[in-house]
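> here is my input; please provide its structure:
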Amino acid sequence: MFFGKNPELVLVDTGIIARAPSRFLVAGMGDALATYFEARSCAKSCAKNIPGGIATKAALAIAKLCYETLLEDSIKAKVACDAKVVTGALENIIEANILLSGIGFESGGLAAAHAIHNGLTVLSETHRFYHGEKVAFGVIVHLVLENASMAELNDVIGYCKSVGLPTSLKDLGIDLGANNIGVARLMEVASAACAKNETIHNMPFKVTARDVYAAILTANALGTYCSTEK
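Sure, this is the predicted structure:
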């Protein structure tokens, strides 16, 4: 939903967040995880950000700080939330999830990770999972599309595993061996992710449904392998 103006105030009660199920907090981490990687891709392609401008250095710095904060404080924040207490780490993650990610994505732009989320929603199996949980897997697919380094992929997959975010299709309720999941349905996901006006077209190279299909299967294999290793 897009409105004509920004809100006058965003008021966040960290005590309420601490008393809520930590799965909500972790889903927010998954959504925030995409901020830096999507902003980075948009900067490379000079794609428009959400208001229709071009990302500034300040926007990219905020997006990167969002990612760095997640790596530093997510596990500690989840533990605090499970204990229903507010700590410095929880405060930092709430800031990352809401402020840094909010400014970072709006001013930096969206790319493949959120488009993959949108594609995954065509499968009813994923409907019981939260937005940020699907986005987290979308980040892995995004990095595969970029042919990111294994070091970066390992960092992201390891991070997701450490806080309980999905790293494979199975983690999202999708069993590739089941009769109702096959190539055709995964291609539906890929095609939806590549629909006209989708943010995947903000990537700094052309992306087709076939590319997305291949990246989804590769991301799934990488995420499954890493989880097996752990």
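
> the lowest-mean-pLDDT helix or strand in the chain - contacts with which helices or strands?
Scoring the helices and strands of the chain by mean pLDDT, DSSP states H and E places helix 209-229 at the bottom, with a mean of 87. With contacts taken as 3 or more C-beta pairs under 8 Å, 6 or more residues apart in numbering; DSSP states H and E, helix 209-229 sits against helix 112-120, helix 131-146, helix 150-163, helix 183-193. (Each C-beta comes from the backbone N, C-alpha and C, glycine too.)

> Ala34: which of those is closest?
helix 112-120 (3.9 Å; C-beta to C-beta).

> now Thr199: closest residue in space that isn't a chain neighbour?
Take Thr199 and drop its neighbours on the chain: the residue closest to it by C-beta to C-beta, 6 or more residues apart in numbering is Leu110, 4.0 Å away.

> reduced to three states, what does that neighbour come out as?
For Leu110, the assignment made with DSSP: H, G, I helix; E, B strand; the rest coil gives coil.

> give me the pLDDT for it.
As predicted, Leu110 sits at a pLDDT of 97.

> quick one: contacts for it?
Leu110 sits next to Ala34, Glu38, Cys42, Ile50, Thr199, Asn202 when contact means C-beta atoms under 8 Å, 6 or more residues apart in numbering.

> now, which of those sits nearest Asn147?
Nearest member of the contacts of Leu110 to Asn147, counting by C-beta to C-beta, is Glu38, at 16.3 Å.

> now do the closest one against Ala58, distance only.
16 Å (C-beta to C-beta, to the nearest Å).

> what's the answer for Leu143, then?
Leu143 is 24 Å from Ala58, by C-beta to C-beta.

> which one's more surrounded, the two?
Neighbour comparison, Leu143 and Ala58: the larger count goes to Leu143, with 24 against 11 (by other C-beta atoms under 10 Å).

> might one say that the more buried one is in contact with Ala151?
No. Judged on C-beta atoms under 8 Å, Leu143 makes no contact with Ala151 at a distance of 10.9 Å.

> give me the subset of the contacts of Leu110 lying in helices.
Within the contacts of Leu110, residues falling in helices by DSSP state H are Ala34, Glu38, Cys42.

> how about the last one: what's its closest non-neighbour residue?
This points to Cys42. Closest to Cys42 by C-beta to C-beta, 6+ apart is Gly109, at 3.3 Å.

> run a quick neighbour tally on that neighbour.
For Gly109, using other C-beta under 10 Å, the count is 28.

> the chain should start at 8 in everything you say after this.
Sure, I'll start counting at 8 from here, so that last one is Gly116.

> residue contacts, it?
In this structure, Gly116 makes contact with Glu45, Ala46, Ser48, Cys49, Ala50, Ala54, Lys55, Asn56, Ile57, Ala62, Thr206, Asn209, judged by C-beta under 8 Å, 6+ apart.

> one more: Leu183?
Residues in contact with Leu183, defined by C-beta under 8 Å, 6+ apart, are Leu176, Lys177, Gly189, Asn227.

> among those residues, which pair sits farthest apart?
Longest span within the contacts of Leu183, C-beta to C-beta: Lys177 and Gly189, 15.2 Å.

> mind checking which of those two has more residues around it?
Lys177 (15 against 11).

> how close does that one get to Val142?
Lys177 is 17 Å from Val142, by C-beta to C-beta.

> likewise for Asp182?
21 Å.

> for Asp38, same thing?
In this view, Asp38 and Val142 are 5 Å apart by C-beta to C-beta.

> one step back: for Asp182 and Val142, indicate the residue with more neighbours.
More crowded of Asp182 and Val142, by other C-beta under 10 Å: Val142, with 27 against 11.
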